[in-house]
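In: What follows is a protein structure lacking sequence information:
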């Protein structure tokens, strides 16, 4: 009998379970069938792997040697299968961009720019509130590139083999109804909004904690926070139910104005991610360049952000260098 990968998994299962009875249950086998299989494996390897006793099994010296090898071989095979799956899912012949992103104007602007840069390329998009979900789709090879974001200097969503590059950093603005008592002001201090209820889009990063901390520094604890989709957020602001939190690039919306906060207590960092194995460096460089130009175009379309940039001369931070891969 030649040793197969499934035989190594069987040995690992018996060692982890500590008994043939429990291992048989875990593997979905009858105990006699597992015992017979183990004997065949032991004959192929030239000796006993386990000593049987009333209280279970104990690994022999040969068994320890084999188990040590399984700790190397099994993860390596799993990694090979995952990498092959990612490679197989990545289009090679025809140009195709499978783009993911959180909800907002930047993803659409990137699609528009790539359509001009690669007129024959096929493009699909996937949106999610979860940066972790987008990172997972990149890692699985289901997306080519993803626009995600982090609050302030928080690390990008982690998944093995992913590369993240900064597109831009925006200040976080507030959204007010046009008839709000403070709507005439060019800039607002966060403390002036202490009595308001708040609304923002959901996410799985640290924005909520950072917002609460910023309010604490301003001397108050925020009242109710609504985490909801963009359309509902806009409605809550329009009817005066809540003050909205938004990136400075939020598009002009009837009945709503956006205003910066004094001292820029909160920022949002736009990131572009891809998998290092499945993307060519020149393709990634092109998409990153287009993403940065897309952001500049979106920023130019916001009157309040344009005024803020003119007053501050430059964005909060320029693009910075991130580690090549996030473990």
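Out: Received it, and whenever you're ready, just let me know what you need. In this text, all values refer to a predicted model and were calculated from it rather than measured experimentally.

In: Between the two ends of stretch 199-217, what distance do you get?
Out: End-to-end distance of stretch 199-217 (Cα to Cα, to the nearest Å): 19 Å.

In: I meant to write stretch 129-149 there.
Out: 10 Å.

In: try stretch 15-31
Out: Span of stretch 15-31 from end to end, Cα to Cα: 15 Å.

In: Same question for stretch 232-248.
Out: Note: stretch 232-248 ends 19 Å apart using Cα to Cα.

In: Just the residues contacting it, thanks.
Out: 104, 170-177, 179-180, 193, 196-201, 207, 211, 224, 226, 228, 253, 255-256, 258, 260, 266, 268, 299, 302, 304-305, 308 (Cβ atoms under 8 Å, 6 or more residues apart in numbering). Where C-beta positions appear, they are placed from N, C-alpha and C, glycine not excepted.

In: From the chain's centroid, how far away is that stretch?
Out: Once both centres are worked out by Cα atoms, centre = their mean, to the nearest Å, stretch 232-248 turns out to sit 25 Å from its chain's centre.

In: Repeat that for stretch 46-53.
Out: Stretch 46-53 sits 46 Å away from the centroid of its parent chain (Cα atoms, centre = their mean).

In: Just the mean pLDDT for that stretch, thanks.
Out: For stretch 46-53, mean pLDDT is 89.

In: sorry, back to before: just the buried residues of the contacts of stretch 232-248.
Out: The neighbour count (16 or more other Cβ atoms under 10 Å) marks 104, 170-177, 180, 193, 196, 198-201, 207, 211, 226, 228, 256, 258, 260, 266, 268, 299, 302, 304-305, 308 as buried among the contacts of stretch 232-248.

In: Mind checking which of the residues you listed are in helices?
Out: 207, 211, 299, 304-305, 308 (DSSP state H).

In: Low-confidence ranges, the chain, go.
Out: Within the chain, the stretches with pLDDT under 70 are 83-84, 86-95, 313-327.

In: So which residues make contact with stretch 28-38?
Out: Contacts of stretch 28-38 (Cβ under 8 Å, 6+ apart): 7, 10-11, 14, 20-21, 23-24, 27, 49-50.

In: try it again with 10 Å
Out: Residues from elsewhere that reach stretch 28-38 (Cβ atoms under 10 Å, 6 or more residues apart in numbering): 1, 6-7, 10-11, 13-14, 19-27, 48-50, 52, 57.

In: partner strands of the strand or helix carrying residue 245, parallel or antiparallel?
Out: For residue 245, the element it lies in under DSSP states H and E is strand 243-247. Note on strand 243-247: by DSSP bridges, its sheet partners are strand 162-177 (antiparallel), strand 198-200 (parallel).

In: of all those, which lies closest to residue 147?
Out: Closest to residue 147 of these is strand 162-177 (Cβ to Cβ; 7.3 Å).

In: Now for the ones in helices among the buried ones among the contacts of stretch 232-248: which two are most distant?
Out: The two members of these with the most space between them (Cβ to Cβ) are 211 and 299, at 22.0 Å.

In: rewinding a little: in strands, which of the contacts of stretch 28-38 fall?
Out: 50, 52, 57 (DSSP state E).

In: Following the chain onward from the strand or helix carrying residue 71, which element is next?
Out: Residue 71 is part of helix 61-89 when elements are defined by DSSP H and E. Where DSSP H and E defines the elements, the next helix or strand beyond helix 61-89 is strand 96-101.

In: Next SSE downstream of that next one?
Out: Once strand 96-101 ends, the next helix or strand along the chain (criterion: DSSP H and E) is helix 105-117.

In: which other helices and strands contact that following helix?
Out: Contacts defined by 3 or more Cβ pairs under 10 Å, 6 or more residues apart in numbering; DSSP states H and E place helix 105-117 against strand 96-101, strand 122-127, strand 145-151, strand 162-177, strand 267-275, helix 281-300.

In: The fourth one: how far from the chain's middle?
Out: Think strand 162-177. Relative to its chain's centre, strand 162-177 lies at 15 Å (Cα atoms, centre = their mean).

In: Need phi/psi at the residue of the chain most remote from its centre.
Out: When each C-alpha in the chain is compared with the mean C-alpha position (Cα atoms, centre = their mean), residue 54 comes out farthest, at 49.2 Å. Phi and psi for residue 54, reported as degrees, to the nearest 10, are phi -60, psi -30.
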